[in-house]
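Colleague: kindly generate the corresponding structure for this input.
(one chain, ligands or ions: 1)
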Amino acid sequence: MIFKKIRATLLLVSAAALLAGLAVACGGDDDDDGGDSKPVEIPAGAPMVDQDDLTFIPNKLTVKVGEKVYFKNSETAIHTVTINSKNVSGNMKENDVVIWIPEKSGDYKVTCDYHPQMKATITVE
Ligand SMILES: [Cu+2]
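Modeller: The predicted structure follows:
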């Protein structure tokens, strides 16, 4: 699956850490590639899962193959987007947004590495 990461702040998870599936946030080494980091705009009507109140909202979502799915952390707690047991986001801080693009149909289980009660299912058609 293709995963594209966009950060709203200057603190970035390194690509290496991301590939290794490590949830390690580190500031500095990626600061020069964006310059003007700004919040990602989530298009109106786009598939979106909010992380708030230690919950994925909604916890069920149906999208199409190739469609961008936006995840946003709306609270101060650190979260991850972990899909079928693979952390695809690294640590997400408040207002961080990540985009996940499913390449295959099926049911995907979404969890957070820090909060076992956070669960969602994305059905990809
Ligand atoms: Cu969490």
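Colleague: is it true that Asp53 touches Glu75?
Modeller: Yes: contact between Asp53 and Glu75 holds when scored by CB atoms under 8 Å: they sit 7.1 Å apart. Heads up, the C-betas are built off the backbone N, CA and C, glycines and all.
Colleague: how many neighbours does Pro116 have?
Modeller: Around Pro116 sit 8 other residues, with neighbours defined as other CB atoms under 10 Å.
Colleague: and Glu41, by the same measure?
Modeller: So Glu41, with other CB under 10 Å, has 10 neighbours.
Colleague: sticking with it, tell me its helix or strand.
Modeller: Under DSSP states H and E, no helix or strand contains Glu41.
Colleague: how much space between Lys86 and the ion?
Modeller: With distances taken as CB to the ion, to the nearest Å, Lys86 is found 16 Å from the ion.
Colleague: equivalent analysis for Glu94, please.
Modeller: 12 Å.
Colleague: do the same with Met92
Modeller: With distances defined as CB to the ion, the gap from Met92 to the ion amounts to 8 Å.
Colleague: quick check: closest non-adjacent residue to that residue.
Modeller: The shortest distance from Met92 to any residue other than its chain neighbours is 4.3 Å, reached at Asn73 (CB to CB, 6 or more residues apart in numbering).
Colleague: quick one: contacts for that neighbour?
Modeller: Shown here is Asn73, whose contacts under the criterion CB atoms under 8 Å, 6 or more residues apart in numbering are 51, 79, 92-97.
Colleague: do that again at 7 Å, thanks
Modeller: The neighbourhood of Asn73, defined by CB atoms under 7 Å, 6 or more residues apart in numbering, consists of 51, 79, 92-96.
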